[in-house]
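> What follows is a protein structure lacking sequence information:
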Ligand SMILES: [Zn+2]
């Protein structure tokens, strides 16, 4: 079982000269104190009390705590308070506690990256009909995609936006059917992008920041430091286009 309860022996004590109800002798009893806990994947999650069992060393009869003779009970009481659970029984509660504090802390201190605003603004500028005058890079790219991308991908539904800074260039694409394109094939689109960018002399040596959105979110991100190709890519890499992170 991956979960359930288990017990580990906390302590064993020899109690001498305690009366046994079965054999009638005053004999040595071995008293075992078990600490029970609920575990998940053998990690103790919640301590759930103790179980105490005595065993007559003469006739081997075992008795539960409730059935202990006065003698046995008195002798156990003397040492009982000193019997502690080992620290590892508290691993579960400790992990949960640390987790809860960490979550609370990260929720309390969470701030959106301020550069998200810039990216959102630029994403909003994507258009399915870029013109040579307003955005020559997007225009050029669209004319390539319209020729080389299969009709199933509906190239006429692609949106484009590009922005050129002193030492870097940003290119945003939205491809509604991108999800249906095999992950292994997706980078082939990048080759077309690379060719187009290489064709512009004024882009030479500039860092390239490329983001491809599917219908809802970024799915492919390529920057000088990052490459992500998944159904849910993080936009974080693209933020660097807008400058360093200002948040401490
Ligand atoms: Zn006995």
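Perfect, thanks for sending it. Since the structure is predicted, the reported quantities are computational estimates derived from the model, not experimental observations. Numbers count the residues shown, from 1 in each chain.

> Give me every residue in contact with the helix or strand of the chain with the lowest mean pLDDT, excluding its own residues.
Here the helix or strand of the chain ranked lowest by mean pLDDT, DSSP states H and E is helix 70-80, holding a mean of 84. Helix 70-80 has contacts (CB atoms under 8 Å, 6 or more residues apart in numbering) with 13, 15, 17-19, 26, 29, 31, 33, 52, 54, 63, 68. (Each C-beta comes from the backbone N, C-alpha and C, glycine too.)

> In a helix, residue 220, correct?
No: in this structure, residue 220 is strand, not part of a helix, as judged by DSSP: H, G, I helix; E, B strand; the rest coil.

> And the strand or helix carrying residue 121, what does it pack against?
Using DSSP states H and E, residue 121 sits in helix 116-124. Packing partners of helix 116-124 (3 or more CB pairs under 8 Å, 6 or more residues apart in numbering; DSSP states H and E): strand 159-164, strand 168-174, helix 236-239.

> just how off-centre is the first one within its chain?
Strand 159-164 has its average C-alpha position 33 Å from the chain's average C-alpha position, going by CA atoms, centre = their mean, to the nearest Å.

> Please state the mean pLDDT value computed over it.
Averaging pLDDT along strand 159-164 yields 96.

> And that strand, what does it pack against?
Short answer (3+ CB pairs under 8 Å, 6+ apart): strand 159-164 packs on helix 116-124, helix 136-148, strand 168-174.

> what's near enough to touch residue 243?
residue 115.

> now it: how far from residue 209?
12 Å (CB to CB, to the nearest Å).

> about what we covered before: buried set for the least confident helix or strand of the chain?
By 16 or more other CB atoms under 10 Å, the buried positions in helix 70-80 come out as 71, 72, 73, 75, 76, 80.

> Arrange those residues in CSV, one row each, with distance to residue 137 as further columns.
Putting the buried residues of helix 70-80 into CSV (distance: CB to CB, whole Å) gives the following:
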residue, distance to residue 137
71, 93
72, 88
73, 87
75, 88
76, 84
80, 79
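
> Among those residues, which one sits closest to residue 42?
residue 80 (27.5 Å; CB to CB).

> helices or strands next to the host helix or strand of residue 11 in the packing?
Residue 11 belongs to strand 3-19 when assigned by DSSP H and E. On a contact count with 3+ CB pairs under 8 Å, 6+ apart, strand 3-19 meets strand 26-40, strand 43-56, helix 70-80.

> Mind doing that once more with 6 Å?
strand 26-40, helix 70-80 (3 or more CB pairs under 6 Å, 6 or more residues apart in numbering; DSSP states H and E).
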